[in-house]
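Visitor: A predicted structure for the sequence below; I have some questions about it.
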Amino acid sequence: MKVVKCYISSDHLPFENWHTHTHTHTHHKKCSSVPQFCNSPTMLVMVGLPARGKTYISKKLTRYLNWIGVPTKVFNVGQYRRQAVTTYKNFEFFKPDNEEAMKIRKACASAALKDVATYFSKEQGQVAVFDATNTTRERRAIILSFANERGYKSFVDFLSQQVKFGSPDYADRDCEEAMVDFIQRIDCYRASYMPIDDEKDRNLSYIKIFDVGSRYLVNRVQDHIQSRIVYYLMNIHVTPRSIYLSRHGESELNLLGRIGGDSGLSPRGQKYANALATFITNQNINDLKVWTSHMKRTIQTAETLAVPYEQWKALNEIDAGVCEEMTYEEIQEHFPEEFALRDQDKYRYRYPKGESYEDLVQRLEPVIMELERQENVLVVCHQAVMRCLLAYFLDKPAGELPYLRCPLHTVLKLTPVAYGCKVESFYLNVEAVNTHRDRPGVSEQLLSLSDPLTRIQSTYPSSLMHLQRYFPHIRTYAKTFIFIVYGHIIKKESHKISKAHILLFVFDRAKCLSS
Amino acid sequence: VHGPRELHQNPLRKIWMPRTSNGLPQRPITQRRVCMTNCPTLIVTVGLPARGKTYISKKLTRYLNWIGVPTKVFNVGQYRRECVKIYKSFEFFRPDNEEGLKIRRQCATTALNDVREYLSVEGGQVAVFDATNTTRERRATIMKFAEQNGFKVFFVESVCEDPDVIAENIVQVKLDSPDYIHTDTEEAVEDFMKRIKCYESSYQPLDENLDKELSYIKVIDVGRRYLVNRVLDHIQSRIVYYLMNIHITPRSIYLSRHGESDLNIKGRIGGDSGLSDRGREYAMKLRKYIQEQNIKELKVWTSQMKRTIQTAESLGVPYEQWKALNEIDAGMCEEMMYEEIQKNFPVEFALRDQDKYRYRYPKGESYEDLVQRLEPVIMELERQENVLVICHQAVMRCLLAYFLDKTADELPYLQCPLHTVLKLTPVAYGCKVESIYLGVDSVNTHRNRPENVMAQRSTEDALQTVPAHF
């Protein structure tokens, strides 16, 4: 069997992956860094009275599974009900003797199950989270036989403790009125409530969560994905805390427009580290843990904070392989095909002898798991790494992840709130180069930036690329020009400067000046 | 805010550390491998005899040591055997045997003293106190001891009422115990059952209500069900995850390297070359061997490097590629011959011989990094049953070290020659290894530690142990 390195494939682009030229093998089609641990799709069935945190867990778990590369979706039956019965009147809808309502609720559950089947068979879903009370044995039997008939595995997540109050149904009610109604609603379920029974249900695969996560009962974990789900559920908590994400201060290689490497901080980078120390002190954070990578620039940044810190190799920047320490222009010059491939699918593209964002996510999973366990943490890391972490917290899909904005000298403070994460961005007022390279063809967005200096610096990488397409004779000497114009002399190069280029930047400058 | 301390990269491990005036690190800078708990942890087993406590203790210890957490088992039964040289019968364990109780209590105390020595003085991180610990009173004593010494306590209880499992246990591990070495099988089994009975009446399992402040995991029916209570920190969470993934279903793990590669022939390390002719021959022989073994539901795993995939392709069965199984990254030394490394980086070459486990290639990895990278592979190997892993020399050494409980110093020098399959079968408390050479010639890629590891050594000394190549 001939093994070829191909740049084109039917599904994912296996840039640095070895593919076999054969159609006879039915082995997994995706050659990725994530082992294929799900063969049959899995249904995760939530069980519990209202206000037990089912939707919170459903959403969080879904976000985690999607991030590690397991396509997962939540099917919230309450949402189906809200679409069917557009106005919620009161708790009477949930009374066990309300036959008409019962019919509607059953229909909603069926519709949701139908969508689960479609998700698995037509949309390549791997895990479906069936988020409803599912408090009667009868209802669970329907779901389980649905799963069994179709060969889906099922795993039940049983939550028993009341954790919160709040629901879209009460958005426009007064608080006390809402509270009373909600309690009566819960009571409607209570009469027919049949918790998972350790004896009768002993052949089911399930996890019971008690006491807001201090106690768990796990029964018959069947496979890898269920084991990962259990591990995740056991590590998350709801204690309020904040996670601070920051890149290292501007580095010497950043200044040169070079990627990767292991350089130290530039003077402005050091200034940022000082500003970060002040910022952290002023935030008055309780028991803050500080993590860095094994690379000099993050460690130098943390050193300035004068607090103990932990080095994680897993937080190292993405390995650009043969492209390490190159400028984008040099990559374009030496590896134009690779450069183009990267723009085609930045998430899955793996640098030759290096890594992909997809590899990064795998490498960062233990970091995420430990972040879930911890409370207040400051992570001093790198651009690609920070994008991956941010995508996890903000539930960004693989397509967006590599283009998330993580500028230098800016701290992102993430605070879990409701079903998501609040983000506060703190620019610590120390200038730095811009290292963000947009998706090609998105330079219009950059023109909206108000500060002319930032705009020129931002448009530099992409506008130059743009120019090079039309004026192939233009070299990268413009860098020198720009920096002369704005007084940042990094490197003097004695090359010719293209007239056209000068014009463009003068024009741009004129534009700035006029605005 | 004062200026930052100057950073200096440790030449062996390539780790940046702050340099202080006296040259020593001022504040402990932790390298995250596993959570560095400041408190050592005392794991306490609970359960009737023949419930797998020692099995769990040893396996857990092996795992924790492999991932870099210094761990040791303290088996009270062993202390008892040292004290009472000759085991007569189950009568020793009768609850009304005053003298027996005195000795047993004494043994437990001695063991706890050794625990204290290990955790507080010798730098151990986790101690596993392996005994029945079936009464609340005994557990309270242990907890008091732990509190006095600043140790965290985590209980691991094994509950099992399946008579088949218990019988199998007794056959596998009890009959070979020094206690029964001079007794015939039937008698031994009978005596042991009576021994279990002695504990049963006073057994107080961990209770949901009475023990709700304790941190513990209750393993029920060999893993069918788990009850987990109050996991306090990272290490306990890892322990729970590990215990939930292991099983005792009989199975075998086959470890093999890829067939000989083109770079192997040239004596070059790393790279991503294809198989040589002999390598291809090996792949065919491997296919035959696997077929003859008639393995039930064999899973095949490879790395994402060409040579392992080519080897797997010849087997004609589905396989999964793991990036984590890729060979150690030799960074700047990739695709070099040892002679070239000596020529271009003689100091690096010497550093590697000084501490091969921790040595990190410039812009590459160390064996220590490899172990971290391979941990998910090990976890999944524990979950699986029959698996064939086609990987690389350094990777195979790491996996082998896990299964055979080899130390960090031995690991980088384990013999993993080309064209040889290692069949590992768990048995009793350890692993049986069968080495099957499939009869296809290859170069030798094993480089022993030379005598002279100093940086100033001669080229001849440095290259003393380099294996022959074309």
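Guide: Received it, and whenever you're ready, just let me know what you need.

Visitor: tell me where the stretch 351-500 of chain A is predicted with low confidence.
Guide: A:441-500 (pLDDT under 70).

Visitor: list, one by one, the residues from it near chain B.
Guide: A:353, A:359, A:362, A:370, A:373 (CB under 8 Å from any CB of the partner chain). The way it works is simple: take the backbone N, C-alpha and C, and place the C-beta from them, glycine included.

Visitor: redo that, cut-off 10 Å
Guide: A:352-353, A:355-356, A:358-359, A:362-363, A:365-367, A:369-370, A:372-374 (CB under 10 Å from any CB of the partner chain).

Visitor: make a PyMOL selection of the buried ones in those residues.
Guide: Those of these that count as buried under 16 or more other CB atoms under 10 Å in any protein chain shown are selected in PyMOL with:
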select buried, chain A and resi 353+355+356+358+359+362+363+365+366+367+369+370+372+373+374
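
Visitor: which single one of the residues of the stretch 351-500 of chain A next to chain B is nearest to residue A:181?
Guide: residue A:372 (33.9 Å; CB to CB).

Visitor: if you look at the residues of the stretch 351-500 of chain A next to chain B, which of them are in helices?
Guide: A:358-359, A:362-363, A:365-367, A:369-370, A:372-373 (DSSP state H).

Visitor: any idea how chain A splits into domains?
Guide: A:33-233, A:243-427, A:452-514 (automatic domain parsing).

Visitor: of those domains, flag the one that's most buried.
Guide: Burial of these is given as mean neighbour count (mean count of other CB atoms under 10 Å in any protein chain shown); domain A:243-427 ranks first at a mean of 20.

Visitor: what is the end-to-end distance of that domain?
Guide: End-to-end distance for domain A:243-427, by CA to CA, to the nearest Å: 16 Å.

Visitor: over to stretch B:454-464?
Guide: 13 Å.

Visitor: cool, and stretch B:349-359?
Guide: Start to finish, the residues bounding stretch B:349-359 are 10 Å apart (CA to CA).

Visitor: ditto for stretch A:415-433
Guide: 28 Å.

Visitor: buried stuff in the top helix by length along chain B?
Guide: Looking across chain B with DSSP H, the single longest helix is helix B:98-116. Using 16+ other CB under 10 Å as the test for burial, helix B:98-116 gives B:100, B:103-104, B:107-108, B:110-112, B:114-116.

Visitor: stretch B:457-470 now?
Guide: The neighbour-count check on stretch B:457-470 (16+ other CB under 10 Å) flags B:457, B:461-463, B:466, B:469 as buried.

Visitor: pLDDT of that stretch, averaged?
Guide: If you average the pLDDT over stretch B:457-470, you get 92.

Visitor: ditto for stretch B:375-384
Guide: Computed over stretch B:375-384, the average pLDDT equals 96.

Visitor: just the CA trace of that stretch, in PDB.
Guide: Provided in PDB are the C-alpha atoms of stretch B:375-384 (Å, rounded to 0.1, in the frame of the first residue of the first chain):
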ATOM      1  CA  GLU B 375       0.100   9.700  29.600                       C
ATOM      2  CA  PRO B 376      -3.200   9.800  27.700                       C
ATOM      3  CA  VAL B 377      -1.900   6.800  25.700                       C
ATOM      4  CA  ILE B 378      -1.300   4.900  28.900                       C
ATOM      5  CA  MET B 379      -4.700   5.900  30.200                       C
ATOM      6  CA  GLU B 380      -6.400   4.600  27.000                       C
ATOM      7  CA  LEU B 381      -4.300   1.400  27.100                       C
ATOM      8  CA  GLU B 382      -5.700   0.800  30.600                       C
ATOM      9  CA  ARG B 383      -9.200   1.200  29.300                       C
ATOM     10  CA  GLN B 384      -8.700  -1.100  26.300                       C
END
